[in-house]
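*Asks:* predicted coordinates and the sequence they were generated for:
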Amino acid sequence: MRIRSSVFACFCLILEVLGIALFLRGFFPVPIKSSFSSKSKLSDVPPEPFTGVSLNSSKVPDALFKRVVIVLIDALREDFVFGPNGRKYMPYIRHLVERGSTYSFVAKARPPTVTMPRIKALTTGSIPGFIDVVMNLNSPALLEDNLIWQAKAAGKRMVFYGDDTWVKLFPKHFMEYDGTTSFFVSDYTEVDNNVTRHLDSTLKRDDWDILILHYLGLDHIGHISGPHSSLIQPKLMEMDDILKKIHGSLILKEAEGALPYLLVLCGDHGMSETGSHGGSSEHEVNTPLVLISPAFKKKVGMEKPSTVEQVDLTPTLALGLGLPISQNSVGRLIQPVVDEASLRDQLRFLHLNGHQLSYLLKDSMPAYEKEEGYEQFRVAEKSHGNWVKLVVEGNTSEVLTNMGKKVFKQYLEALRAMSEALSKQLGKYDIYSMVVGMVLLLLLLLLAMPEALSSASEVDLPVSSALLSLPFYLLCLLLSSVHVLVCTSAESSCYFCSLSWGLVFGAVALSSALLCILVSMAKKYFASSRCGGWSLSELDILLLAGTAGHTLSLSASSFVEEEHQVWYFLLNTLCLVVFQDVCRKYFRERRANFGSLEDEDYLLPSNEGDAVASPLSDLGVTDAGSEKWLALATPPLTLACCRLLRSLNQTGVQWAHLPDLGHWLNSFEHKMVLSLFAALSLALIYFLVQRRCSWVSKIALALGLLGVYSYRAAVGNVVFPWQRGGGNMSKGTVEARFVYVFVLGILFTGSKDLLRSQVITADARLKSRGLWEIYSGMVLLVALLFRAHNLPVLCCCLLVQTLMAQFIWKKLHYDAAQTTIMHYWFGQAFFYFQGNSNSIATVDISVGFVGLESYIEAPAFFLTALSTYAGPLLWAAHLVCYLSSEKRSSVAVGHGCYCLALLRSVPAAAYVVLVTALRYHLFIWSVFSPKLLYESMHTLLTTAICLFFTTMEQSRRP
């Protein structure tokens, strides 16, 4: 069975996407949860330990607080409160921290540091799974046992204002609420005013027990302009004034003899140096936790805050309100909060916390009895029973006090050990689903790899012989038996086992067929390879070795964190090798008239009747001498561009905190310089892109780029020459929509020409023009989405593409495979030149709201993905346009698509194997898991690109 190579590549990539999806379903574990379906109840609370005949009740000790107000400030970093600028940012809170009745802590949030998983952690006490990053966009109702449910079941009256994620997670739990969307990051004023406007009336009322306020403005400022923005201080001072108002109101309403109030100030996560979050850097995981209550002792000076886990707040609030602790909580009581209670109550609080942790440990670990924490808890519980017996008998000796303190310490050690043991076991992997997805990926990779060295336009797959062979049926029986054996003997549920038998048998038949086809093709390949050897140039060796070396480097956490360094090194080496090839061509291989017509490679363009097919004249190149020197200058110029772009955005982990050119340009005092850079970049973008457009598209492109600058001026990034003082900032919605109109116009014009060339007439010139216009529309859209300081990245991208296309790839006769690999390398390097990294924190979600008045999921996801992967996408789109405009483009496009698919498959399949082997690595969640999500998304986008490749491959030549 012979099929086109591009169709075969798309088939492999689609199956790989399914394999990766299955692997992700198994790899991202279900968080540790109790197997009991019901929630904790007061009736389930264990009795107080007592040696002998039990005579104690099982009730929870009386509540410590009457009212609780929780003020959660999104993206509040601990140094905003406890750091050197704390007195300037939040003077009232800082005064309370130093002199008031408060306890202050640095609460460590576990990655992923995004809002929805953090809210889950704060309310359930559990550590959410990493896949909750995806669910962050659409939060379903939380069915797990949690503090909010417990409070409602106990008759607590709750009021909530702020991020509507709470309303989605806890529907019908609040007696009064007003939610605001958390994703429209351009708004940092109204989103907080919508919370504060309810405050005065609510504080005057006495019909609530718990008030929760979730402020989003600080997080939005971080996404827009980072933690060092001039907007940070006014926003924090606004929050400080709100907290002062709440504290004052609570003091006035405090009644003598009644239970005290508790005011909690916390953050769900921190903020990286770029203003984003999601990763595991210190600034992202360290958040302030300030507990304010007249029940606490007054401070006499600033003390260094101790460190607690963010999930420790859950059992602390539960016990403070007289509620049962959530079943799945891995947190432990924050001990200073109960210091003023009697020793008996303190031990009872610790016992309840320990009992809940021991049951969760018992339910999640088969060998729980061997755990150090469990043994310590049993010892402490027995000692506690002896102590209570002495208390009941009326013993008041000093020995009793010392014994109680010893039990107290035993409980604390036991709680620490059990909490750490549960936290390390984040969840249970679905190994079977992971193995099935991994095997599918490896089979497809091995099946596709041998054909990569061939430039044939078709692939011969021995499908019929494989399906009619005896090994195929034997493999089907074997794999079906393995599936039945695994699914009937598995201790935990497997996702793959839950699928219908029809889907499972389809997967079994597909895997068996792929393996049989692979064996048949391997026999044929090795038989033919004996007849002749490979002939690899120096460039081929570099491209193959570099691709393999990069794949191997992914096994080390440091190389994953600093992957950009690998691509920068490979790109620099590539430029040096290309420069050597250029020198060899022009100085060592002097040919008459620079070669005859027969020397032209099949990838060279056709200039017949096409005034814009050869842009050399547009660049001012009219003679061979100038062409030679431009060819010689291209690699050094490319190196210079790469060096400039490296200085523009510091990325990775180790050096991300260092100042870079982007920070310098974004500072307020350098706004005029940024404006000049942005204007020059947009002008050069127009010059480089317009050459292949029709006159209508040229006008649309010019107006669109002017709209891009107007949008950046509207949001305050740049200024017009006639503006003074920066002008008034706005959301820029009108300006962005103005650009969208021209983007759609250019895309429509290009699509029309493309459809005409594919359906009505096989006109290569019309097809080429349509492709280049679609590419121009993409460039305009990316220019709108890029931040102002990143416009030089787009400009350099287009400049390098133009120079390499005209003076390197064509003149040095590089074939489709070499050209494709170089495009892929450049795309990967430009991904990091944008400021991206393998941390979720560098995803700029603010671009998902450019031109939108409110959060709309589909366009927000599309715009965010396009902006994040703009580098790889633009280089892949340029590859389609470049190969499609050449002679014998059907062969070139097909082989280019095949090579691109293979380039994406190799690291994806290898990384899946690596993370399986490293699933218990210390950095599996902070380093390897985010990279896995990036690899998965990149594979999905490459599949879409290869599908476009396939539609562009002409089945016949005109």
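*Replies:* The structure has been received and is ready for your questions.

*Asks:* would you mind identifying the next helix or strand past the helix or strand harbouring residue 802?
*Replies:* Per DSSP states H and E: residue 802 is located in helix 791-804. Counting by DSSP H and E, the next helix or strand C-terminal to helix 791-804 is helix 816-833.

*Asks:* that following helix - contacts with which helices or strands?
*Replies:* In this structure, helix 816-833 makes packing contacts with helix 538-553, helix 563-583, helix 624-648, helix 791-804, helix 870-884, helix 889-917, judged by 3 or more Cβ pairs under 8 Å, 6 or more residues apart in numbering; DSSP states H and E. To be clear about C-beta, it is placed using only N, CA and C from the backbone, and glycine gets the same treatment.

*Asks:* any chance of CSV for those helices, columns distance to residue 774 and mean neighbour count?
*Replies:* CSV is the format used below for those (distance: least, Cβ to Cβ, whole Å; neighbours: other Cβ atoms under 10 Å):
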stretch, distance to residue 774, mean neighbour count
helix 538-553, 28, 16
helix 563-583, 26, 18
helix 624-648, 25, 17
helix 791-804, 15, 23
helix 870-884, 8, 24
helix 889-917, 15, 23
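
*Asks:* right, and these - which one's nearest residue 467?
*Replies:* The minimum distance between residue 467 and the helices and strands packed on helix 816-833 falls on helix 889-917, with 23.5 Å, by Cβ to Cβ.

*Asks:* got the helices and strands packed on helix 816-833 as JSON lines, with mean pLDDT and distance to residue 706 columns?
*Replies:* Converted to JSON lines, those look like this (pLDDT from 0 to 100; distance: least, Cβ to Cβ, whole Å):
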{"stretch": "helix 538-553", "mean pLDDT": "90", "distance to residue 706": "40"}
{"stretch": "helix 563-583", "mean pLDDT": "93", "distance to residue 706": "33"}
{"stretch": "helix 624-648", "mean pLDDT": "88", "distance to residue 706": "24"}
{"stretch": "helix 791-804", "mean pLDDT": "94", "distance to residue 706": "14"}
{"stretch": "helix 870-884", "mean pLDDT": "92", "distance to residue 706": "21"}
{"stretch": "helix 889-917", "mean pLDDT": "87", "distance to residue 706": "34"}
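
*Asks:* between those helices, which one is closest to residue 722.
*Replies:* Short answer: helix 791-804, nearest of the helices and strands packed on helix 816-833 by Cβ to Cβ, at 21.1 Å.

*Asks:* ok, and what's touching that closest one?
*Replies:* Applying Cβ atoms under 8 Å, 6 or more residues apart in numbering, the contact partners of helix 791-804 are 615, 619, 630, 634, 637-638, 641, 644-645, 648, 677-678, 681-682, 684-685, 688-689, 779, 782-783, 786, 822, 826, 830, 833-834, 870-871, 874-875, 878.

*Asks:* buried ones in stretch 665-672?
*Replies:* Buried positions in stretch 665-672, judged by neighbour count with 16 or more other Cβ atoms under 10 Å: 665-666, 671.

*Asks:* residue boundaries of the strands in the chain?
*Replies:* Using DSSP state E, the strands of the chain run over residues 2-4, 30-31, 67-73, 102-108, 158-163, 176-180, 210-215, 261-266, 286-292, 306-309, 427-428, 458-460.

*Asks:* could you check the angle the fifth one makes with strand 210-215?
*Replies:* Meaning strand 158-163. Inter-element angle recorded for strand 158-163 and strand 210-215: 0 degrees (by axes from the mean of the first three to the mean of the last three Cα atoms, to 10 degrees).

*Asks:* which helices and strands sit right next to strand 158-163?
*Replies:* By 3+ Cβ pairs under 8 Å, 6+ apart, strand 158-163 packs against helix 147-153, strand 176-180, helix 190-196, helix 199-204, strand 210-215.

*Asks:* distance of the residue nearest the centre of the chain from residue 934?
*Replies:* In the chain, the centroid-proximal residue (Cα atoms, centre = their mean) is residue 840; its distance is 3.1 Å. Between residue 840 and residue 934 the distance is 9 Å, computed by Cβ to Cβ, to the nearest Å.

*Asks:* phi, psi for residue 330 please.
*Replies:* Per-residue torsions, residue 330: phi -110, psi 10 (degrees, to the nearest 10).

*Asks:* check it and give its pLDDT.
*Replies:* pLDDT, residue 330: 91.

*Asks:* ok, now the one 5 residues further on?
*Replies:* Note on residue 335: pLDDT of 92.

*Asks:* so what's it closest to, chain neighbours aside?
*Replies:* The spatial neighbour of residue 335 that comes closest, neighbours along the chain excluded (Cβ to Cβ, 6 or more residues apart in numbering), is residue 412 at 6.6 Å.

*Asks:* that neighbour against residue 338, yeah?
*Replies:* No - using Cβ atoms under 8 Å, residue 412 is not in contact with residue 338, being 11.8 Å away.

*Asks:* and the two? which has more neighbours close in?
*Replies:* Comparing residue 412 with residue 338 by other Cβ atoms under 10 Å, the one with more neighbours is residue 338, at 21 against 18.

*Asks:* how much space between that one and residue 316?
*Replies:* Residue 338 sits 8 Å away from residue 316, going by Cβ to Cβ.

*Asks:* residue 848: what's it in contact with?
*Replies:* Contacts of residue 848 (Cβ under 8 Å, 6+ apart): 183, 859-861, 863-864.

*Asks:* for the stretch 1-150 of the chain, what spans make up the helices?
*Replies:* Using DSSP state H, counting those that start in this stretch, the helices of the stretch 1-150 of the chain run over 5-27, 79-82, 86-89, 91-99, 115-124, 132-135, 147-153.

*Asks:* any idea of the mean pLDDT in the third one?
*Replies:* Translated: helix 86-89. Average pLDDT, helix 86-89: 92.

*Asks:* how far out from the middle of the chain is that helix?
*Replies:* Centroid separation between helix 86-89 and its chain, computed with Cα atoms, centre = their mean, to the nearest Å, is 31 Å.
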